[in-house]
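**Q** Just a sequence and a predicted model for now, questions to come.
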Amino acid sequence: EVQLQASGGGLVQTGGSLRVSCAVSGVTRDSYIIGWFRQAPGKEREAVSCIRTSDGRIYYGESVKGRFSIASDNAKTTAYLQMDRLKPEDTGVYFCAKGGVNGYDSWGQGTQVTVSS
């Protein structure tokens, strides 16, 4: 059974930094995608960033380019999202998910990130 555990959220002031982590277990494929999404109250879920474990290919959403960076550990079982120069509009629940060519099929429980103005 695939499981994802997100952690590391919290409260930070505008301009501050946070790092959230996603621990992935139970994946049997060599190559998959770990993605980060966020959802603010009353808003649709937004894709933030993702990384492909086979070659490290990375995607960033336009709203976080230049401020966020994603990486995975050598074992490719944990993905980190470093969030710098945070803004109030970055507030939301951050979810990680595991996916592949057919989309995302497993989701973690989410971690709250709150950026105060």
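**A** Looks like it came in fine. Numbering: from 1, shown residues only.
**Q** Can you spell out which residues form a bridge with the residue sitting nearest the centre point of the chain?
**A** The C-alpha lying nearest the average C-alpha coordinate of the chain belongs to Trp36 (Cα atoms, centre = their mean; 2.6 Å). Beta-bridge partners recorded for Trp36 (DSSP bridges): Ser49, Cys96.
**Q** Let me know the distance separating it from Val20.
**A** In this view, Trp36 and Val20 are 7 Å apart by Cβ to Cβ, to the nearest Å. Bear in mind the C-beta positions are built from the backbone N, C-alpha and C, glycine included.
**Q** between those two, what contacts are shared?
**A** Both Trp36 and Val20 are in contact with Leu81, Tyr94, Cys96, where contact means Cβ atoms under 8 Å, 6 or more residues apart in numbering.
**Q** Which of the residues you listed lies at the shortest distance from Leu4?
**A** Cys96 (5.2 Å; Cβ to Cβ).
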